[in-house]
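Enquirer: Quick one, fold the following:
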Amino acid sequence: MSKRDYYEVLGVSRDASEKDVKKAYKRMAMKYHPDRTKGDKAMEEQFKEVKEAYEVLNDAQKKATYDQYGHAGLNQQGGHGGHSDFGDVFGDVFGDIFGGGGGRGRQQRAARGSDLRYNMELTLEEAVRGVSKTIRIPSQCHCEVCNGSGAKSGTKAATCSTCHGQGQVQMRQGFFAVNQACPTCHGKGKIIKDPCRKCHGEGRYERSKDLKVTIPAGVDTGDRIRLTGEGEAGDMGAGSGDLYVQVSVRQHAIFERDGSNLYCEVPISFAHAAIGGEIEVPTLDGRVKLKIPAETQTGRMFRLRGKGVKSVRGGATGDLLCKVTLETPVKLNAEQKELLQQFEASLNNASAKKHKPKSEGFFDGVKSFFDDFKK
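Expert: Here you go, the predicted model:
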């Protein structure tokens, strides 16, 4: 009996796309699958025919041979792939219901080591200038005795006889084929019969290691520094994870940082504010002179250019912004109080507006407000 045309079997045209072929096969497989036809021999034969057609038309090389030479060309190549297990083909289309991939067994890859995080607290000076620190990290390290294999020196891990090294076994649940981790080797694909005495067959063991960390100048709270390969060792010789050093900067007694700029409050006396003068202000590089002009009001901001921070991300160095605040004298003696009273009296004359424009303007506004309120 001659074989039917594969395109006819799946009900697709000869120029059908791979997606159309797969879609047609899925529809036909659902219809003729033995689990659904309950022993109907005719339906079972149709299902085999559908599966055979799909195996050819879904394979680019086989499809090209079939398009050019027909069934004879496939027979000369040694068959059409019709002897593979149903789970292989059906799994390619429907996938594992748990998201583990297609029906074909896939060898379990050794897992890369976990990334680690270390919180490092810095002073503002260390963050601005940069610093090198040695830290101690507890982590899983590769076993140097067995070189991460887990097997005793001179021996090797054996291929798991249950999953044949695939790390997975296929469990059939009615209509579906489900891939699960091999219960014998726990997904590793290998069995260690003679484990390494140092790591007890794990290929790694826990120990603390000292690392020198170089913190670049200009880092700020929230910045991370990655040390490649300094995380936990991978499973059975796989690559190590990374270590991330998370930076936080302690609050400073004088300065507050905002990006590349620094802020500080500078107290000044009443005399300096009134008649002006020079004061010393702190910077991260030492003290500098700041000229205070006469009649300076409290809260005025002075900018010292280039006295801020150069960010680790580049750009110009920021500024230092100094906010002056008027400091009221405390614990005055009788003589000082008398002098202040005399001074205050000298301001409360006909020319008071000239000396205290803000106060006079404020109280004039208050008087006007209440006069309007009475009306």
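Enquirer: R303 contacts L320, doesn't it?
Expert: Yes - counting by CB atoms under 8 Å, L320 is a contact partner of R303 at 7.5 Å. Every residue, glycine included, has its C-beta placed from N, CA and C.
Enquirer: Tell me which of those two has more neighbours.
Expert: L320 (24 against 11; other CB atoms under 10 Å).
Enquirer: pLDDT at the nearest residue to that one once chain neighbours are set aside, what is it?
Expert: Closest residue to L320 apart from its sequence neighbours, by CB to CB, 6 or more residues apart in numbering: K307 at 3.7 Å. Confidence at K307, expressed as pLDDT, is 93.
Enquirer: and K307, backbone torsions?
Expert: Backbone torsions of K307, given as degrees, to the nearest 10, read phi -100, psi 20.
Enquirer: quick one, phi psi at Q251?
Expert: When read as degrees, to the nearest 10, the backbone of Q251 gives phi -70, psi 140.
Enquirer: would you list every one of the helices in the stretch 151-300 of the chain?
Expert: Along the stretch 151-300 of the chain, counting by DSSP state H, counting those that start in this stretch, helices occupy 270-275.
Enquirer: Sketch out the low-pLDDT regions of it for me.
Expert: Within the stretch 151-300 of the chain, the segments meeting pLDDT under 70 span 172-177, 236-237.
Enquirer: How many neighbouring residues does H200 have?
Expert: Per other CB under 10 Å, the neighbour tally for H200 reads 12.
Enquirer: What spatial separation is found between the residue nearest to L320 and L284?
Expert: According to CB to CB, to the nearest Å, K307 and L284 sit 7 Å apart.
Enquirer: residues shared between the contacts of those two?
Expert: With contacts defined as CB atoms under 8 Å, 6 or more residues apart in numbering, the residues shared by K307 and L284 are L262.
Enquirer: quick revisit: what's the residue nearest to L320 in contact with, if anything?
Expert: Applying CB under 8 Å, 6+ apart, the residues near K307 are L262, T283, L284, D285, V288, D319, L320.
Enquirer: I'd like to know which of the residues you listed are buried.
Expert: By neighbour count, with 16 or more other CB atoms under 10 Å, the contacts of K307 hold L262, T283, L284, D319, L320 as buried.
Enquirer: The fourth one is in contact with M301, isn't it?
Expert: Just to be clear, that refers to D319. No - using CB under 8 Å as the test, D319 is too far from M301 to be in contact (10.5 Å).
Enquirer: rewinding a little: now the contacts of K307 in JSON lines, please, with extra columns for distance to D20.
Expert: Below are those laid out as JSON lines (distance: CB to CB, whole Å):
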{"residue": "L262", "distance to D20": "66"}
{"residue": "T283", "distance to D20": "73"}
{"residue": "L284", "distance to D20": "69"}
{"residue": "D285", "distance to D20": "72"}
{"residue": "V288", "distance to D20": "77"}
{"residue": "D319", "distance to D20": "66"}
{"residue": "L320", "distance to D20": "69"}
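Enquirer: Select from these every entry located in strands.
Expert: Judged by DSSP state E, these include L262, T283, V288, L320 as members of strands.
Enquirer: Confirm V50 sits in a helix?
Expert: Yes - assessed with DSSP: H, G, I helix; E, B strand; the rest coil, V50 lies in a helix.
Enquirer: where exactly do the strands run in the stretch 251-375 of the chain?
Expert: In the stretch 251-375 of the chain, the segments counted as strands under DSSP state E, counting those that start in this stretch are 256-258, 261-268, 277-283, 286-292, 301-304, 320-326.
Enquirer: mind putting those strands in TSV, distance to V12 included?
Expert: Shown next, in TSV, are the strands of the stretch 251-375 of the chain (distance: least, CB to CB, whole Å):
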stretch	distance to V12
strand 256-258	66
strand 261-268	68
strand 277-283	78
strand 286-292	82
strand 301-304	75
strand 320-326	73
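Enquirer: Out of those strands, which gets nearest to G231?
Expert: Distance to G231, taken as CB to CB, is lowest for strand 256-258 among those, at 30.1 Å.
Enquirer: surely G308 meets G315?
Expert: No - between G308 and G315 no contact is recorded; they are 11.0 Å apart, counting by CB under 8 Å.
Enquirer: who's more crowded, those two?
Expert: Comparing G308 with G315 by other CB under 10 Å, the one with more neighbours is G308, at 25 against 11.
Enquirer: In contact with the more buried one, which residues are there?
Expert: Applying CB under 8 Å, 6+ apart to G308 gives the contacts S260, N261, L262, T317, G318, D319, L320.
Enquirer: from what I can see E125 touches T283, true?
Expert: No - with contact defined as CB under 8 Å, E125 does not count as touching T283 (11.3 Å).
Enquirer: E335: which of the strands of the stretch 251-375 of the chain is closest?
Expert: Per CB to CB, nearest to E335 of those: strand 320-326, 21.9 Å.
Enquirer: what's in contact with that closest one?
Expert: The contact list for strand 320-326 (CB under 8 Å, 6+ apart) reads 255, 261-270, 273, 281, 283, 290, 292, 296-304, 307-308.
Enquirer: now the angle from that strand to strand 286-292?
Expert: Calculated by axes from the mean of the first three to the mean of the last three CA atoms, to 10 degrees, strand 320-326 forms an angle of 60 degrees with strand 286-292.
Enquirer: Residues that sit against both of G308 and G315, list them.
Expert: Common contacts of G308 and G315 (CB under 8 Å, 6+ apart): S260.
Enquirer: what's the neighbour count on G239?
Expert: G239: 16 surrounding residues under other CB under 10 Å.
Enquirer: from the ones in strands among the contacts of K307, which is closest to G277?
Expert: Nearest to G277 out of those is V288 (CB to CB; 14.9 Å).
Enquirer: and the nearest residue to the closest one once chain neighbours are set aside, what does it touch?
Expert: Take V288 and drop its neighbours on the chain: the residue closest to it by CB to CB, 6+ apart is V281, 6.1 Å away. The neighbours of V281, taking CB under 8 Å, 6+ apart as the test, are C264, V266, R287, V288, K289, L290, L304, L320, C322.
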